[in-house]
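[1] no sequence on this one, just coordinates:
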């Protein structure tokens, strides 16, 4: 199974600033996913990131707010831009291997 | 669209009690079904899965059977332990390359 690491593991940020979250996978994967888990809620898919193409965003999420990079088959970044307290969540990177999907440990973001 | 409905929590049980967490789904295609577990302070882990009707997924004493006729995938364990205290998420995926759709999660607390 894929081993996924994320950095930072947590951060506390001021409103109006931006944070970039990094996701590293120990094997090459075609598709990477970014999810958000708001406090006490389930996981919601933000976008799907394929290497060499623009990320595909789910309804309610836009590239200006959540720009994503996917420079190679083992790495991706998600930026949370112009943050507000409503962006306080856990952000998770995920990869798909066949029918299984694996998740990183998450980045816990608090926006003050 | 696809959706997952799972039992509202929290669920509190005594050690060695029987556990059932109900999960039903609606899907536009033929989904694979999953249970994920999130232990306190940890990331999301795949607990078990089933990819076709009547399949039974099992792991760590937990079981769930894919019931197409009732569109259900209920999680069961015969004798829970304190270490099973966690949040459990039911999820589905219609295509191996596409997103996971999660239920809202069920918090399980097992008391000694």
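    That came through fine. All values derive from a computational prediction rather than experimental measurement.
[2] sec struct for the closest residue to residue B:43 other than its chain neighbours, please.
    Of all residues not flanking residue B:43 in the chain, residue A:105 sits nearest, at 3.9 Å (C-beta to C-beta, 6 or more residues apart in numbering or on different chains). C-betas here are computed from N, CA, C, even on glycine. Following DSSP: H, G, I helix; E, B strand; the rest coil, the label given to residue A:105 is coil.
[3] residues in contact with residue A:105?
    Applying C-beta atoms under 8 Å, 6 or more residues apart in numbering or on different chains to residue A:105 gives the contacts A:4, A:5, A:6, A:9, B:42, B:43.
[4] what of residue B:8?
    B:104, B:106.
[5] test my guess that residue A:101 contacts residue B:98.
    No: between residue A:101 and residue B:98 there is no contact under C-beta atoms under 8 Å: 10.1 Å.
[6] OK, contacts around the residue nearest the centre of chain B?
    Centroid-nearest residue in chain B, with C-alpha atoms, centre = their mean: residue B:35, separated by 3.4 Å. Shown in contact with residue B:35 (C-beta under 8 Å, 6+ apart): B:23, B:46-49, B:57, B:62, B:64, B:73, B:75, B:88-91.
[7] which of the residues you listed sits closest to residue A:30?
    residue B:46 (18.9 Å; C-beta to C-beta).
[8] in the sheet, who's paired with the closest one?
    residue B:36 (DSSP bridges).
[9] the residue nearest the centre of chain A: which element?
    Geometric centre of chain A, nearest residue: residue A:34, 3.6 Å, by C-alpha atoms, centre = their mean. Assessed by DSSP states H and E, residue A:34 sits inside strand A:31-37.
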